[in-house]
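>>> Quick one, what's the 3D model for this:
(chains A, B and C)
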Amino acid sequence: MSKSKKANTPFAIANYERQQLVEALRRMYLIRKFEEGAEDSYMRGLIHGTMHLSIGQEASAVGSCMPLAPDDQITSTHRGHGHCIAKDADIAMMFAEFFGKETGYCKGRGGSMHIADVEKGNLGANGIVGGGIPIAVGAALTAKTLKTGKVVLCFFGDGANNEGAFHEALNMASIWKLPVVFVCENNKYGMSTSTERSTAVANIADRAAAYSMPGKTVDGNDFSAVCEAVNEAVEHARSGHGPSLVENVTYRWRGHSKSDRNRYRTKEEIGEWMERDPIKSFAAELEDHGIMTADEIQALEADVNRQIETAIEFAKASPDPSPSDVTRDVYTEAAQ
Amino acid sequence: MNVHNAAQEEEIVEMSYAEAIRDALDIALTTDERVVLMGEDIGVYGGAFQVTGDLVHKHGADRVLDTPISELGGAGVAVGAAATGLRPVFEFQFSDFAMLAMEQICNQAAKMRYMLGGAVSVPLVMRFPAGSGTGAAAQHSQSLEAWLGHVPGLKVVQPSTPRDAKGMLLRALEDPDPVMVFEHKLLYKTKGMVPTGHYTTSLDKAEIRRQGTDVTIVASSVMVQRSLEAAEFLAGDGISAEVIDLRSVRPIDRHTIVESVKKTTRLICVYEGVKTLGVGAEISAMVAESEAFDFLDAPIIRLGGAEAPMPYNPDLEKAAVPQVDNIVSSASQLCRGQL
Amino acid sequence: MPTEVIMPKVDMDMEAGTIAAWHIQEGDPVQKGDALFDIETDKAAMEVESPASGTLRQVRAQAGETVKIGDRIAWILADGESLEVLQREPAPRPEENTAASGPPREALPVSTPVTDAAAITTERKRATPLARRMAKAAGIDISAVAGSGPRGRVTRKDVEAAKSVASTASAPVRADAATNASKDRLDSLGIDYEVVPVDRMRATVAERLSASKATVPHFYLEADCRLDKLLAFRAEINKSLEGSGSVRISINDLLVKASAMALMAVPEANASWAGDEILRYRDANISVAVSVEGGLMTPVVRQAQSKSLLAISNEIAGLAERARAGKLASNAYQGGSFAISNLGMYGVKAFSAIINPPESMILAVGMATRQFVENDDGAPVAATVLSVRLSCDHRVVDGVSGARWLGEWQRLVENPFLLALGTS
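As a prediction, this is how the structure comes out:
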């Protein structure tokens, strides 16, 4: 990244090449269309279990990963499809995983809630709220001990900020000055309970003070604002100054999971947030700054749609795992 | 059963169980830069049971890492470190405190590889000072190996001798998967002959400690020594007991146990964990399901911990876990057709 | 609703029954309570009554076929009922296919009481898996092996003891290749033969008596009895019965009565081995061997000690008739503690009988012969002499108690008026 273009332009526009910005928009579309495709497949009965959609939070996922190097690592959450795509996952393998197929990222063993792409540095979504936070700190301990120069970015939701694991992990990251960036995606509800009702501090970033690390709250629907805050935190970590906490305030348009009946929030509230569509506003920003034309954006969206269709076809056509392999990969070495 | 590296195994010396573990950790820290020790007060304090001792002085505070009193977070950091390239050895101060970290042990460490379709391994070693006999009462005396033995993805071992403590720990450090090592606190000061240098001992093989023909006693951890003492008494009474050191709770060495029972026709399981749903229950069921069933000439007997939290009073504490007398009398009655 | 006809459980250790014959043909009408079909069990043919009135339909098992108990073998359709109803019926689930639980129908086509499954379980012989396996390999009936373990559990030691008894007695053992003929062998030798299928009764006899001979420690006591007074006594009784329309008292009836009274006089001989304990009977329940087509039945005269000679005589005649007709209920040939077998009428002088466990004694009665014996003055006199041989289970009956019993029996037979007096 680096090289400043104009002093008063948004951070991302000023600091990233056109190609990177187009790719960022493409990934945001991919997340949106992927989740819409997954939702549609779910309703058609092609996907079982449940899934947690992040539609509306795309700027947080892509903006947070934007400052990361390809071999930097992330830990993700149960609402992790966006993180996976932001870290450059192959959506065909993601769909295959959702369809429970042997060709999926987890060979059909994990599903939506455990989607991971370890080669691309995504250590995995997690079914346990807060479960990934100490793991991220552990990955940062590895980076520091083996001097790999990697930074670990730890996604978690507002609900996780009240887990003991969050506090224990932030404390350790701080005392050991580990290269980790904690990114809270505050979408205002832990399932149904609002942060106002669940959390003693006004902003989750306020928690950072307790662990002597920088804390910043940003508009999580503003791609550039997210990029800027996380970039600062990544630089801080990479230069050996330890962890930071960034809070992206955002909103999930869909319910907590597929069984949510939306009893805890109003249609008006959802409508207001849908007006603040992070993809639309980022696309508009790119257009305003002459990075992309409306036609180019339309063509990009159409291209993503085609990619989604192809990926779903791949998933559908992929083989199911063999029941005889039910215990495969429990251990690294097969039992004698 | 032991795989020795003859080139490095120079001599055999007497060591305590704790010294043998420290020796293993020292070798690992010296030879593998990925190895880090983590735990509460394992640095300058030397560990609650003086297992890590002075390792921090030799290897530095970055390799022998004092954690805050954060079992869940600490365990999680160890899991994350293991999944990304380190080989952490995490010490719980008391095995009981592992209950605070069950989430990371059971939901994360044990399942990560499987959930991710084999994309990662978690080469994590955790050490659990376990068991009763120190007057530490209900929250510092438990034997929780059956809890963790219930979780696919973990390996759970209980070395009973200094030699095994070192060899199994060094083997665990080479293992690509999470290995939970239960160390009975009463064993730390017991002595035995231990090879110096690097050697490894299998994590999945039971060991016949004494050959016999009348009854198989499968014992784990501190119960191995008690069963050997019992076997000595029984021999004087004309009963020939075979004592098997279980060594591994997960996996259980089915073959060694089944073959022994086929020979002796009788089985007693001796373990310190609570009897119900414990390790002995699993062994009993495994034998009942095996070809050894048709060789059983008496009911299978379990001698396990009392159905109570560990009491404080020393007599009560003794009464709560199998003692030599209990093993002798059960084996004797069993072989005389009285059970 | 159509009524199911199932294979009923009519005997305690019965797992399946063979249909001996149908009394009603498919499509024919039947009244509730009519004889519907006969079952051939281990010991006897049982008549099964129709559970309902209607028409017999969908007969699934023909004569000669063996059916698991509880399995449906036909339907009885009431007037107006059709087979379409049946086709909508879900197939009976396997767990419903046991007589113990029984399908939830209004009427079960079982005329005899159904044995509770739990009763069977508790009666199962206690034995360790090793003992069972060893006994099976050695062809030893585990139920006949005395258990020395807790609650009578048979262990390896007990089976080894039974095996050594079996080998020293050189008794034939079931399924032992050394004692079995082989068609291949006979063919190779050019021996001509006919193949006779082994029916359930023959198989049961073979199995039980092989096991008995192999595992029950038999010993034998022999005695001769003067029979003249008994013969005279019988002649007088039968003379007094002439014209009464009653049956004639047989020698055997008198011997049964004598046996019953002797059992009451020597209670230690009136007992069964039960593994870790001995069950001593309060009554004299006497099995009487009756030869029937294809084998042997042993109906039991219960409480024979308290029955009159006439009653015993009538009962034995009735039992023998039912046995020969194959219509003996299973409880009519179970529960004996003592058996009497008489081959005298075939000219057999004496023989040794095999005990049928859980009975612990069997008296083999030979032919009465005329011979000279010494009278009180030392002079030869002609007398009718009966040779008997008593087989005893040594686990229950010692030599002395067996001898006491035989002495008492002899006293009663030689002084038959005591039989009329009955037991005190």
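
>>> use CA for all of it now, contacts and neighbours both
Fine.

>>> sec struct for the residue in the stretch 101-250 of chain B positioned nearest to chain A, please.
The nearest approach of the stretch 101-250 of chain B to chain A comes at B:G117, 3.8 Å away (Cα to the nearest Cα). Of the three states, B:G117 takes coil under DSSP: H, G, I helix; E, B strand; the rest coil.

>>> which residues does it contact?
Contact analysis of B:G117 by Cα atoms under 8 Å, 6 or more residues apart in numbering or on different chains lists A:Y105, A:C106, A:K107, A:G108, A:R109, A:G110, A:D329.

>>> so which of those is the most crowded?
In terms of neighbours by other Cα atoms under 10 Å in any protein chain shown, those top out with A:Y105 at 31 neighbours.

>>> Was I right to think that one contacts A:M94?
Yes: in terms of Cα atoms under 8 Å, A:Y105 counts as a neighbour of A:M94; the distance is 6.1 Å.

>>> who touches both of those two?
A:I115.

>>> Run a quick neighbour tally on the residue of the stretch 101-250 of chain C found nearest chain B.
Distances between the stretch 101-250 of chain C and chain B by Cα to the nearest Cα are smallest at C:L130, namely 4.4 Å. Other residues within reach of C:L130 by the criterion other Cα under 10 Å amount to 22.

>>> How about B:V321?
So B:V321, with other Cα under 10 Å, has 24 neighbours.

>>> That one sits in which helix or strand?
Following DSSP states H and E, there is no helix or strand that holds B:V321.

>>> show me what contacts the residue of the stretch 151-300 of chain B found nearest chain C?
Among the residues of the stretch 151-300 of chain B, B:F295 lies closest to chain C, at 4.4 Å counting by Cα to the nearest Cα. Neighbour list for B:F295: B:V261, B:K262, B:K263, B:T265, C:P129, C:L130, C:R133 [criterion: Cα under 8 Å, 6+ apart].

>>> Go again with 6 Å.
For B:F295, the contacting residues are B:K262, B:T265, C:L130, by Cα atoms under 6 Å, 6 or more residues apart in numbering or on different chains.

>>> one step back: which pLDDT does the model give the residue of the stretch 101-250 of chain C closest to chain B?
C:L130 carries a pLDDT value of 93.

>>> so how many other residues sit close to the nearest residue to B:Q338 once chain neighbours are set aside?
Nearest residue to B:Q338, sequence neighbours excluded (Cα to Cα, 6 or more residues apart in numbering or on different chains): C:P150, at 6.0 Å. Residues lying near C:P150 (other Cα under 10 Å) number 14.

>>> Please tell me how far C:P150 sits from chain A.
Distance of C:P150 to chain A, given as Cα to the nearest Cα, to the nearest Å: 41 Å.

>>> Before we move on, what's the pLDDT of that residue?
So C:P150 comes in at 85 (pLDDT).

>>> Then C:D176?
We have a pLDDT of 49 for C:D176.

>>> before we move on, what about C:P92?
In this prediction, C:P92 carries a pLDDT score of 42.

>>> cool, C:N375 as well?
pLDDT, read off for C:N375, is 83.

>>> If you drop the residues flanking it in sequence, what lies closest to it?
Nearest to C:N375 is C:V381, by Cα to Cα, 6+ apart, at 6.2 Å.

>>> any weak-confidence spans in the stretch 1-150 of chain A?
Filtered on pLDDT under 70, the stretch 1-150 of chain A yields the residue ranges A:1-7.

>>> Residue numbers of it in contact with chain B?
Within the stretch 1-150 of chain A, the positions lying close to chain B (Cα under 6 Å from any Cα of the partner chain) are A:C106, A:K107, A:R109, A:G110, A:P134, A:I135, A:V137, A:G138, A:A139, A:T142.

>>> helix or strand for the fifth one, which one?
Which is A:P134. helix A:132-145.

>>> Show me what that helix is packed up against.
On a contact count with 3 or more Cα pairs under 6 Å, 6 or more residues apart in numbering or on different chains; DSSP states H and E, helix A:132-145 meets helix B:71-83.

>>> Each with direction, which strands does whichever helix or strand comes after the helix it packs on pair with?
Using DSSP H and E, the helix or strand that follows helix B:71-83 in sequence is strand B:87-91. Using DSSP bridges, the strands paired with strand B:87-91 are strand B:35-39 (parallel), strand B:125-130 (parallel).

>>> Would you mind checking the average pLDDT for the longest one?
With pLDDT averaged residue by residue, strand B:125-130 scores 98.

>>> Show me which positions of it end up buried.
Within strand B:125-130, the residues scored as buried using 16 or more other Cα atoms under 10 Å in any protein chain shown are B:V125, B:M126, B:R127, B:F128, B:P129, B:A130.

>>> ok, which stretches of the chain are helices?
This is for chain A. When secondary structure is read from DSSP state H, chain A shows helices at A:11-15, A:18-43, A:58-65, A:81-86, A:91-98, A:132-145, A:164-175, A:195-198, A:207-210, A:223-238, A:267-275, A:278-288, A:294-317.

>>> The chain in question should be chain B.
In chain B, the helices defined using DSSP H lie at B:17-31, B:55-59, B:71-83, B:102, B:112-115, B:145-149, B:162-174, B:222-236, B:254-264, B:279-289, B:314-319, B:324-335.

>>> Highest mean neighbour count out of these?
helix B:71-83 (a mean of 30; mean count of other Cα atoms under 10 Å in any protein chain shown).

>>> Show residues contacting it.
Under Cα under 6 Å, 6+ apart, the answer for helix B:71-83 is A:134-135, A:137-139, A:142, A:165, A:168-169, B:88, B:100-101, B:104, B:109, B:122-124.

>>> cutoff 7 Å now
By Cα atoms under 7 Å, 6 or more residues apart in numbering or on different chains, the surrounding residues in contact with helix B:71-83 are A:134-139, A:141-142, A:165, A:168-169, B:67, B:88, B:90, B:98, B:100-101, B:104, B:109, B:120-124.

>>> cool, stretch C:238-256 as well?
Contact with stretch C:238-256 is made by C:R234, C:L309, C:L310, C:I312, C:S313, C:N314, as judged by Cα under 7 Å, 6+ apart.

>>> and those as a markdown table, adding neighbour count?
Formatted as a markdown table, the contacts of stretch C:238-256 follow (neighbours: other Cα atoms under 10 Å in any protein chain shown):
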| residue | neighbour count |
| --- | --- |
| C:R234 | 19 |
| C:L309 | 22 |
| C:L310 | 18 |
| C:I312 | 22 |
| C:S313 | 23 |
| C:N314 | 17 |
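
>>> Okay, and which of those residues map to helices?
When the contacts of stretch C:238-256 are checked against helices (DSSP H), the matches are C:R234, C:L309, C:L310, C:I312, C:S313, C:N314.
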